[in-house]
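A.B. asks: Sequence and computational prediction follow.
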Amino acid sequence: MKKHIAVISGDGIGPDIVSEAVKTLERISSLYGHEFEFEYLLAGGASIDEYGVPLTQETLERAKSADSVLLGAVGGPKWDGLEGRLRPEKALLALRSGLGLFCNLRPALMYKALEDASPLKSSIIGEGIDIMIVRELTGGIYFGEKTLSSDSSWASDLMKYSVEEIERIARKAFDAARKRKKRVTSVDKANVLETSRLWRKVVSRVAEDYPDVELNHMYVDNAAMQLVRNPRQFDVIVTENMFGDILSDEASMITGSIGMLSSASLGSGKCGMYEPIHGSAPDIAGKNIANPIATILSAASMLRYSFDMDVEAKAIEDAVEKVVNAGWRTFDIAKEGEKYIGTKEMGEKIREVIE
Ligand code: NAD
């Protein structure tokens with residue numbers, strides 16, 4: 001069936017890396033007999049330059065009508081002086097809320113061959129790390145009522161979760177676990193927070209619908225420790241917005257390479273937004289040296305989570321692993337003195353292996 005993919009290259013290295021991901025999807029379409037139609041849209045700085053705003057209503061509508069969205073990154077020094085509402089990053093928030101994306105999937109994936117980049121000892125890394133953090137994206141303390149007393153002597157942020165909000169994110173986590181090692185760790189602070197006690201109750205209830213997936217609960221302070229003590233114990237971690245924000249950055253850090261990590265934002269339907277976790281890296285834009293792997297892996301996630309093309313997604317992921325294990329590096333993951341290849345060459349190596 002034909003899939004309509006909105007492609008937002010964005011700014012800085014965005015166009016360099018997105019074109020490699022699109023070429024990879026094209027290769028998949030010809031090998032597996034799918035039809036992907038790409039529609040290029042502007043957001044971020046590129047949209048500010050063209051239309052005066054980071055995201056137009058028309059662009060949002062186009063993105064909404066697509067089966068999925070592939071995004072590079074937005075922002076750069078050219079637009080840093082603009083007032084808040086006109087900043088390129090506003091496009092991301094508008095896209096996430098406009099598309100109703102409440103679930104953020106952040107894989108922390110580290111291949112054995114890149115273990116030198118990790119701050120952890122090789123005895124802890126073992127055969128590599130592969131964790132999926134599922135973070136609730138639109139609720140919790142970041143969105144609760146904010147108060148500053150009139151004399152500025154106190155302030156508060158309300159942390160609030162409804163059963164429905166917890167249930168839908170829990171289902172995303174169990175669904176993701178079913179495509180992986182079938183283990184979910186739900187992270188909360190149920191010894192202190194009422195929202196966490198509700199969280200635990202609802203997640204446990206959802207687990208009954210997934211008898212094939214193992215569930216355990218962990219306090220967030222312990223989870224932060226366990227991620228560096230024994231990261232290999234985790235498969236899928238599901239948690240609320242703020243805990244997920246912190247733990248997903250911690251998990252990224254232990255893999256050591258920002259150019260390798262993808263992310264997916266999902267809503268209640270099949271449409272999602274897929275993007276690397278890194279920014280637009282203006283320092284290396286247009287030089288054919290950016291690492292395209294995070295974006296190529298984001299495209300693989302799109303195949304898996306939006307199009308249910310698990311075999312095709314795995315073909316891309318396996319190819320990336322093989323290329324990295326064979327010693328091919330872009331400059332950011334090369335050791336000092338080691339040879340490296342460019343953005344386009346890395347994309348082409350991955351596509352060769354897929355075939
Ligand atoms: P950044 O992630 O763009 O760059 C941090 C460092 O990592 C830089 O040295 C960069 O060269 C390097 N890097 C990043 N991606 C790389 C890749 N694929 N290959 C090789 N090296 C890579 O973060 P920053 O410098 O803090 O931000 C730059 C711009 O990106 C800012 O305007 C910021 O607002 C924006 N940004 C956008 C997003 C997004 O679009 N989701 C996220 C973060 C930052």
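C.D. replies: Arrived safely.
A.B. asks: my read is H4 is in a helix, agree?
C.D. replies: No: judged by DSSP: H, G, I helix; E, B strand; the rest coil, H4 forms no part of a helix; its state is strand.
A.B. asks: Who are the contact partners of it?
C.D. replies: Applying CB atoms under 8 Å, 6 or more residues apart in numbering, we find H4 in contact with 37, 39, 65-67. No exception for glycine: its C-beta is placed from N, CA and C like everyone else's.
A.B. asks: Ok, Y305 next?
C.D. replies: Going by CB under 8 Å, 6+ apart, Y305 touches 105, 176, 264, 266, 272.
A.B. asks: Let me know the closest of those residues to the ligand.
C.D. replies: When those are compared for distance to the ligand (CB to the nearest ligand atom), A264 wins out at 12.7 Å.
A.B. asks: I'd guessed the closest one sits against A299; true?
C.D. replies: No: if you go by CB atoms under 8 Å, A264 and A299 don't touch, sitting 10.4 Å apart.
A.B. asks: which neighbours do those two share?
C.D. replies: Common neighbours of A264 and A299 (CB under 8 Å, 6+ apart) are Y274.
A.B. asks: Which element, helix or strand, includes the closest residue to D209 other than its chain neighbours?
C.D. replies: Take D209 and drop its neighbours on the chain: the residue closest to it by CB to CB, 6 or more residues apart in numbering is F174, 7.4 Å away. In this structure, F174 sits in helix 163-178 according to DSSP states H and E.
A.B. asks: hang on, the earlier thing: now, of the contacts of H4, which are buried?
C.D. replies: By the neighbour-count criterion of 16 or more other CB atoms under 10 Å, the contacts of H4 include these buried positions: 66-67.
A.B. asks: got the contact list for the residue of the stretch 251-355 of the chain found nearest the ligand?
C.D. replies: In the stretch 251-355 of the chain, no residue comes nearer to the ligand than G279, which is 2.4 Å away by CB to the nearest ligand atom. Shown in contact with G279 (CB under 8 Å, 6+ apart): 12, 73, 75.
A.B. asks: Now do it against P231, distance only.
C.D. replies: From G279 across to P231, the span is 24 Å (CB to CB, to the nearest Å).
A.B. asks: Let's verify R351: helix, strand, or coil?
C.D. replies: Quick answer, by three-state DSSP: R351 is helix.
A.B. asks: for R135, that is, sorry about that
C.D. replies: strand.
A.B. asks: excluding its backbone neighbours, what's nearest I169?
C.D. replies: E136 (4.5 Å).
A.B. asks: Get me the contact residues on the stretch 51-200 of the chain for the ligand.
C.D. replies: The stretch 51-200 of the chain comes close to the ligand at residues 73-76, 89, 92, as judged by CB under 6 Å from any ligand atom.
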